[in-house]
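Colleague: Everything below, folded, please.
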Amino acid sequence: MRRSRTRALLAAMLIPFVAPPLLAQKRPAAAGSKEALAVVEQVVAAMGGRKALASIKDSTVLGTAEMIQQGLTVPLSIYQKGSDKLRVEIAIPEANMTVVRIYDGRRAWATDPRSGTTGELPDFMARQMAEQAAGTLAWLDPLRAGVTYALKPKASLEGRDYVVLERTRADGRKTTFYIDPGTSLPYLTRSRAFDQSGTEVDLETYATRYQKAGAVLVPYSLRAFHNGAEAQRITVTSVVQNTGLDDALFSFK
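Modeller: Here you go, the predicted model:
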């Protein structure tokens with residue numbers, strides 16, 4: 001596979017899923033309306049509850065990522081520790097290489113597929129990885145995460161009325177969650193995200209096949225759409241927790 005094709009594959013990778021890390025157990029202070037925070041509490045309970053979520057110190061997620069436009073399916077590994085460390089590995093057998101992206105709590109780094117060397121990522125990508133590294137922090141402690149919630153009118157999707165919850169970050173960026181009325185789990189998430197070039201795209205992620213990973217529920221299947229076109233499908237095959245991941249895993253040598 002040519003390097004240009006490898007770069008195109010990486011540009012499409014806006015990994016929408018990471019497993020829940022260790023988080024605060026106390027209930028959030030006022031960070032939205034009473035009605036909105038009541039829905040937040042329902043989501044937390046559906047995921048497994050505060051105690052179960054707070055017991056997770058690190059997570060390792062293994063699976064595959066199908067890149068629709070490139071016609072490729074590649075192995076995917078996601079490692080997460082605490083609420084500020086993230087490592088994403090994308091194996092590309094045809095190029096005989098593994099591309100690594102790391103957020104170490106302060107900065108983001110990545111393998112350059114053109115040279116195989118590593119370098120620091122620009123700020124917009126570091127901020128995006130920081131949000132991914134935070135995992136469920138915004139659900140369990142909105143004030144610490146710097147977010148507020150608002151309850152919006154219900155929306156009909158596929159013949160069902162979904163609860164709509166809007167999350168606003170301190171910088172004004174918004175994420176909209178469509179909560180399944182039967183399970184109280186997020187089904188569709190809509191937001192704006194940055195691709196590899198720094199261009200903003202509309203990102204829609206559908207989360208299905210929730211299964212138990214330890215004492216919590218996580219989606220084992222995700223479909224991501226960029227600007228309305230299907231971009232990737234992620235299939236999770238394994239989620240393990242509390243294996244004592246070393247901090248060195250989240251730094252480039």
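
Colleague: all contacts plus neighbour counts: C-alpha atoms, from now on.
Modeller: Noted.

Colleague: all helices of this structure, in order?
Modeller: Secondary structure of the chain by DSSP state H: the helices cover 3-12, 34-47, 50-54, 123-133, 137-140, 142-145.

Colleague: Just tell me which of those helices ends up closest to L245.
Modeller: L245 lies closest, by Cα to Cα, to one member of the helices of the chain: helix 123-133, at 14.4 Å.

Colleague: buried residues in that closest one?
Modeller: F124, M125, A126, R127, Q128, M129, A130, E131, Q132, A133 (16 or more other Cα atoms under 10 Å).

Colleague: Check the residues you listed and tell me the two furthest apart.
Modeller: Counting by Cα to Cα, the most remote pair of the buried residues of helix 123-133 is F124 and A133, 14.4 Å apart.

Colleague: List the contacts of V43.
Modeller: In this structure, V43 makes contact with W139, S184, L185, P186, judged by Cα atoms under 8 Å, 6 or more residues apart in numbering.

Colleague: pLDDT weak spots in the stretch 151-253 of the chain?
Modeller: Counting by pLDDT under 70, the stretch 151-253 of the chain contains low-confidence ranges at 195-198, 253.

Colleague: Strands of that one, residue ranges please.
Modeller: Secondary structure of the stretch 151-253 of the chain (DSSP state E, counting those that start in this stretch): strands located at 160-169, 174-179, 186-194, 200-213, 216-226, 229-241.

Colleague: which helices and strands does the last one pack with?
Modeller: Meaning strand 229-241. Counting contacts by 3 or more Cα pairs under 8 Å, 6 or more residues apart in numbering; DSSP states H and E, strand 229-241 packs against strand 58-67, strand 200-213, strand 216-226.

Colleague: how far off strand 58-67 does the last one point, in degrees?
Modeller: Angular relation of strand 216-226 and strand 58-67 on a 0 to 180 degree scale: 30 degrees, by axes from the mean of the first three to the mean of the last three Cα atoms, to 10 degrees.

Colleague: ok now strand 216-226, how far from the chain's centre?
Modeller: Averaging C-alpha positions (Cα atoms, centre = their mean, to the nearest Å) puts strand 216-226 9 Å from its chain's average.

Colleague: try the longest one
Modeller: Here the centre of mass of C-alpha atoms in strand 200-213, compared against the chain's by Cα atoms, centre = their mean, lies 8 Å away.

Colleague: Which one of the strands of the stretch 151-253 of the chain lies nearest to L143?
Modeller: When those are ranked by proximity to L143 (Cα to Cα), strand 160-169 comes first, at 10.1 Å.

Colleague: which secondary structure elements does that closest one contact?
Modeller: In this structure, strand 160-169 packs against strand 147-157, strand 174-179, with contacts taken as 3+ Cα pairs under 8 Å, 6+ apart.

Colleague: thinking again about what came up before, can I get the helices and strands packed on strand 229-241 in JSON lines including mean neighbour count and distance to I92?
Modeller: Shown next, in JSON lines, are the helices and strands packed on strand 229-241 (neighbours: other Cα atoms under 10 Å; distance: least, Cα to Cα, whole Å):
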{"stretch": "strand 58-67", "mean neighbour count": "20", "distance to I92": "11"}
{"stretch": "strand 200-213", "mean neighbour count": "17", "distance to I92": "23"}
{"stretch": "strand 216-226", "mean neighbour count": "21", "distance to I92": "20"}
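
Colleague: Looking at those strands, which is nearest to K174?
Modeller: strand 200-213 (11.5 Å).

Colleague: Having no further points to raise, I will conclude here.
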